[in-house]
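Visitor: The sequence and its predicted three-dimensional model are supplied below.
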Amino acid sequence: MKTGGRKGFTLIELLVVVGIIGILAAVAVPKYRNLLEKANLGATMGNLSSLRSSLSIYYATNMVFPGSIDPAEEPAFAEALNGDMPFVKAKYPADAPPYGREVTVSDAEGPSIKGTGWFYNNLHGVVLINSTARDIQGNIYSAY
């Protein structure tokens, strides 16, 4: 503040404040993005657990694994699922995110591509995330 009857901030003081805010924003925005992706990964893990529980309920009721975990293709599994097909909410990496709720059915051990949605092995009743990409923590999605 200047003396002599004038009140206000000098241009230098305002530039310093703007610079400090800019530095804080440059640090905070990437951290915020990582937190959002970690939340998406957590939601995906919860949805994967829900799918696996529904598959266990179906197996306990029918003593056989369903041909598909897609409720549109397997109405009996829709009853065990008790709702809509959950999403893979993860959106990392940006070039090949597994985001989606499509179901890939195969008798292979696991996915071999950076696909989207869920992978279901109908011989062994295994549900995985349908992607060989790495998540925000460096783990391969299909390893969960």
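Guide: Ah, there it is. Numbers count the residues shown, from 1 in each chain.
Visitor: So for stretch 44-61, mean pLDDT?
Guide: Mean pLDDT, computed over stretch 44-61, is 96.
Visitor: before we move on, what about stretch 13-30?
Guide: On average, stretch 13-30 scores 90.
Visitor: all strands of the chain, in order?
Guide: Under the criterion DSSP state E, the chain carries strands at the ranges 103-106, 118-121, 126-129.
Visitor: Among those, which comes closest to Phe9?
Guide: Of all the strands of the chain, it is strand 126-129 that lies closest to Phe9, at 53.1 Å by Cβ to Cβ. Just so you know, the C-beta spots here come from the backbone N, C-alpha and C atoms, and that holds for glycine as well.
Visitor: Gly83: neighbouring residues, count only.
Guide: 9 (other Cβ atoms under 10 Å).
Visitor: Contacts only, for Val18.
Guide: Contacts for Val18 were tallied using Cβ atoms under 8 Å, 6 or more residues apart in numbering; there are none.
Visitor: what's the most buried one of the strands of the chain?
Guide: The highest average neighbour count among the strands of the chain, using mean count of other Cβ atoms under 10 Å, belongs to strand 118-121 at a mean of 24.
Visitor: Relative to that strand, what are the paired strands and their orientations?
Guide: strand 103-106 (parallel), strand 126-129 (antiparallel) (DSSP bridges).
Visitor: Now do that strand: distance to the chain's middle.
Guide: 16 Å (Cα atoms, centre = their mean, to the nearest Å).
Visitor: what does stretch 124-138 give?
Guide: Centre to centre, stretch against its chain (Cα atoms, centre = their mean), the figure for stretch 124-138 is 11 Å.
Visitor: Now the terminal residues of that stretch, how far apart.
Guide: 27 Å (Cα to Cα, to the nearest Å).
Visitor: re the thing from before, could you export the strands paired with strand 118-121 as CSV, including distance to Lys31 and mean pLDDT?
Guide: Formatted as CSV, the strands paired with strand 118-121 follow (distance: least, Cβ to Cβ, whole Å; pLDDT from 0 to 100):
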stretch, distance to Lys31, mean pLDDT
strand 103-106, 34, 96
strand 126-129, 25, 97
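Visitor: Thanks again, I'm all set now.
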